[in-house]
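Enquirer: give me coordinates for this.
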Amino acid sequence: MTMFMMTMGDGSPPPTAAFYAKYIGDEGPDAYMKEGMLMHMMYGLGAGVAFAAIGIAGTFLFTPVTLVNGVLNGLVYGLVLFVGAAVFWMTIVLAIEPEPPQIASFLFFHLVYGAVLGGWVGLGLLG
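Expert: The predicted model follows:
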């Protein structure tokens, strides 16, 4: 998702760059694009491992784990990650009030992440 976001996004720093700027660095988010993207990739890796573990354990919402059910579960997972990121991280932790187009792209990228992740798990590529 991070690579897709970097290619298709508007070039603005990710919320993780704002997090880095606010809590670690001493400059604005634009100065921490690399750190923000690396942090975002690490979050994505952790979320992917958690999702794969849930799928391998057979506790998906839509079972049995097939390609279609994997993608459906991935879309739900992407939506959950979006809500957690948008509600908790952006509005509470970072006090950011994103504009509707930013929210829409944020949701889109999380759904893409979830669908691809779910497809991989559904095909047995991550388990």
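Enquirer: so how many other residues sit close to Pro13?
Expert: Pro13: 19 surrounding residues under other C-beta atoms under 10 Å. Just so you know, the C-beta spots here come from the backbone N, C-alpha and C atoms, and that holds for glycine as well.
Enquirer: and it, how far is that from Ser105?
Expert: 14 Å (C-beta to C-beta, to the nearest Å).
Enquirer: then Gly28?
Expert: 21 Å.
Enquirer: and for Thr91?
Expert: The gap separating Thr91 from Ser105 is 17 Å, by C-beta to C-beta.
Enquirer: of these two, who's got more company?
Expert: Higher neighbour count among Thr91 and Ser105: Ser105, with 16 against 13, using other C-beta under 10 Å.
Enquirer: how close does that one sit to Gly11?
Expert: Ser105 sits at a distance of 12 Å from Gly11 (criterion: C-beta to C-beta).
Enquirer: for this structure, which segments count as helices?
Expert: 2-8, 15-23, 33-56, 67-83, 100-122 (DSSP state H).
Enquirer: where does the chain dip in pLDDT?
Expert: 1-6, 8-10, 126-127 (pLDDT under 70).
Enquirer: just give me the residue right at the centre of this protein.
Expert: When C-alpha atoms, centre = their mean is applied to the chain, the residue found nearest the centroid is His110 (4.8 Å).
Enquirer: find the residue closest to His110 in space, skipping its chain neighbours.
Expert: Excluding the flanking residues, the one nearest His110 by C-beta to C-beta, 6 or more residues apart in numbering is Phe82, at 3.9 Å.
Enquirer: go on, Val121?
Expert: Counting by C-beta to C-beta, 6+ apart, Val121 lies nearest to Gly55, which is 4.2 Å off, once chain neighbours are set aside.
Enquirer: wait, isn't that neighbour in contact with Trp120?
Expert: No: proximity of Gly55 to Trp120 does not meet the contact threshold set by C-beta atoms under 8 Å, at 9.4 Å.
Enquirer: neighbour-wise, which of these two wins?
Expert: Gly55 (25 against 20).
Enquirer: list the contacts of Leu72.
Expert: Applying C-beta atoms under 8 Å, 6 or more residues apart in numbering to Leu72 gives the contacts Leu61, Phe62, Gly118.
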